[in-house]
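S.K.: Turn this into a structure:
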Amino acid sequence: MTTRVLASLLLLSSVALFSTACASVSTYPPTAGKTMSKPNVSPGPEIMAGAVKEAYRVSGATGPIVFNLPAGLETSTWDRVAKLLPAGAVAMTAGAENAFSVQQTRISGGVAEVDVVYPERGVYQLMTVKFKGGALIPWRVEWAYRWVIPANAPLANAPHVPLANGELPVRIEIVGETTTELTTEETQPQAPVEESPK
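M.R.: Coordinates of the predicted model:
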């Protein structure tokens, strides 16, 4: 009986290692040469919320969490991340300070990494948070690395939070590995241009 259990465990671990080794890395926002995968479904929201919580904990911040996600994600993803964060967490609005902003997610099988820009002593810094998990295993933080590199202050991306002028953020359209921002002029119907007679 013990031999069967041991053989089963070895077989399962071999399959898990093989499937993880063969998995391609999916990134969002996309990176050249990598598969693009929007983190709208599990484990996307879980690892983004987990990375924000870890950056908040490591930085020693206090007060409600102000969070930001990459542009182009659905409102439902923002809502899911907000539910996974501590009570009182709010999406970043234009002009907000001390926001914890997810910059990129990278998922490969049972391993994921999330880059977060976070405030510390008046300067934004970059942190990479690594997770391990899977379909039957909860995603847990394995380590967090703080890069000693100043980062630009994040811009608010929430699709349902108005900007300072009352308008919603510009819609981002992802096509393959190219990100296109549609301006107000491009999203409004244009009057036909009359050609001048020759």
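S.K.: can I assume residue 79 sits in a strand?
M.R.: No - counting by DSSP: H, G, I helix; E, B strand; the rest coil, residue 79 is not part of a strand but helix.
S.K.: From residue 30, how far off is it?
M.R.: Noted for residue 79: a distance of 23 Å to residue 30, by Cβ to Cβ, to the nearest Å. To be clear about C-beta, it is placed using only N, CA and C from the backbone, and glycine gets the same treatment.
S.K.: Over to residue 70?
M.R.: Computed as Cβ to Cβ, the residue 70 to residue 30 distance reads 10 Å.
S.K.: just to confirm, which helix or strand has residue 46 in it?
M.R.: helix 44-59 (DSSP states H and E).
S.K.: returning to what we had before: residue 79 and residue 30: which has the busier surroundings?
M.R.: residue 30 (19 against 13; other Cβ atoms under 10 Å).
S.K.: Residue 142 is in contact with residue 131, isn't it?
M.R.: Yes - between residue 142 and residue 131 there is a contact at 6.3 Å, judged by Cβ atoms under 8 Å.
S.K.: between those two, which one's more packed in?
M.R.: Comparing residue 142 with residue 131 by other Cβ under 10 Å, the one with more neighbours is residue 131, at 23 against 13.
S.K.: Check the average confidence over whichever helix or strand that one is part of, would you?
M.R.: Element membership for residue 131, per DSSP H and E: strand 123-132. Strand 123-132 shows an average pLDDT of 97 in the prediction.
S.K.: now for it, which elements pack on it?
M.R.: Applying 3 or more Cβ pairs under 8 Å, 6 or more residues apart in numbering; DSSP states H and E, one finds that strand 123-132 contacts helix 44-59, strand 111-120, strand 140-151.
S.K.: quick one, it and helix 44-59 angle?
M.R.: Comparing the axes of strand 123-132 and helix 44-59 via axes from the mean of the first three to the mean of the last three Cα atoms, to 10 degrees yields an angle of 130 degrees.
S.K.: the bottom helix or strand of this structure by mean pLDDT?
M.R.: For the chain, counting by mean pLDDT, DSSP states H and E, strand 178-181 ranks last in confidence among helices and strands (a mean of 34).
S.K.: How many residues are close by residue 59?
M.R.: 18.
S.K.: brain fart, residue 49
M.R.: Residue 49 has 24 nearby residues by other Cβ under 10 Å.
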